[in-house]
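Undergrad: next one to model:
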Amino acid sequence: MLNLRNHRTLLSTVGAFLVASTGSGIAWSQANGNREPADVLLDAVDHSETTMRDYIDEISGRFDEIEATSDAGRQEELATALMADVPGLAEDARTDVLVAKEDAKAVTLPDGGRLDLARDAYVAHMDAWIAEYEQAMVAPAGVVEIEPRVNETFDSAVAAFERTDLDSDREERVDELLAD
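TA: So this is what the prediction gives:
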């Protein structure tokens, strides 16, 4: 299992890559106001990644606060409050990721195309996170560790998005994002 704290940086970097590698909604909007399917998919990916990052940041921030406190009584109080809050935090995150998943699945893409395969891989990653949230809702103490399946599905989604064709502007954007 991977420690939650170590996953935060990886999730942020690769999430930025996923969103950047397939473009932004503004750049792909058509003149008639209709949006390209890729834009709608990327909005769902962005929504999901933002939700996942916010959840990790909240939990990690609370752990940091516990560790920074030298008073044992205060540490216990903070830990108890965190464990009481985890089910609600997990439920909220689960709800948002379920919405993003439905948005991603609703995008019409040619079956078997590279973007369709990338979407399928990312939906599997969302499913892995949904399972994490559901577990945290019933067993809050398990929030410290992330199941390896989350990272495996994430790696698969990244690889699938990397196989999509990117124009030169998108490649430059990915390079800029990953350089920071």
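Undergrad: burial of residue 80, as a residue count?
TA: 10 (other C-beta atoms under 10 Å). For glycine as for every other residue, the C-beta is placed from the backbone atoms N, C-alpha and C.
Undergrad: what helix or strand is it located in?
TA: helix 72-106 (DSSP states H and E).
Undergrad: and the next helix or strand past that helix?
TA: helix 114-138.
Undergrad: and the angle from that following helix to helix 72-106?
TA: Interaxial angle, helix 114-138 versus helix 72-106 (axes from the mean of the first three to the mean of the last three C-alpha atoms, to 10 degrees): 150 degrees.
Undergrad: list the buried residues of helix 114-138.
TA: By 16 or more other C-beta atoms under 10 Å, the buried positions in helix 114-138 come out as 115-130, 132-133, 136-137.
Undergrad: packing partners for the helix holding residue 80?
TA: Contact here means 3 or more C-beta pairs under 8 Å, 6 or more residues apart in numbering; DSSP states H and E; on that basis helix 72-106 packs against helix 37-68, helix 114-138.
Undergrad: mean confidence for the shortest one?
TA: The one in question is helix 114-138. Per-region confidence: helix 114-138 scores 92 on mean pLDDT.
Undergrad: packing partners for that helix?
TA: Under the contact definition 3+ C-beta pairs under 8 Å, 6+ apart, helix 114-138 sits against helix 37-68, helix 72-106, helix 148-162.
Undergrad: also the first one?
TA: Helices and strands in packing contact with helix 37-68 are listed as helix 4-21, helix 25-28, helix 72-106, helix 114-138; criterion 3+ C-beta pairs under 8 Å, 6+ apart.
Undergrad: buried stuff in that helix?
TA: Neighbour-count burial for helix 37-68, counted by 16+ other C-beta under 10 Å, picks out 37-49, 51-52, 55-56, 58-60, 62-63, 66.
Undergrad: mind pulling up the pLDDT for the residue nearest the centre of the chain?
TA: In the chain, the centroid-proximal residue (C-alpha atoms, centre = their mean) is residue 49; its distance is 2.9 Å. pLDDT recorded at residue 49 is 87.
Undergrad: then the one 4 residues further on?
TA: Residue 53 carries a pLDDT score of 90 in this model.
Undergrad: quick check: it vs residue 60, distance?
TA: 10 Å (C-beta to C-beta, to the nearest Å).
Undergrad: now for this protein, the helix or strand with the poorest mean pLDDT.
TA: In the chain, no helix or strand scores lower on mean pLDDT, DSSP states H and E than helix 25-28, which sits at a mean of 38.
Undergrad: could you dump the helices and strands packed on helix 114-138 into JSON lines and include distance to residue 141?
TA: Shown next, in JSON lines, are the helices and strands packed on helix 114-138 (distance: least, C-beta to C-beta, whole Å):
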{"stretch": "helix 37-68", "distance to residue 141": "12"}
{"stretch": "helix 72-106", "distance to residue 141": "6"}
{"stretch": "helix 148-162", "distance to residue 141": "18"}
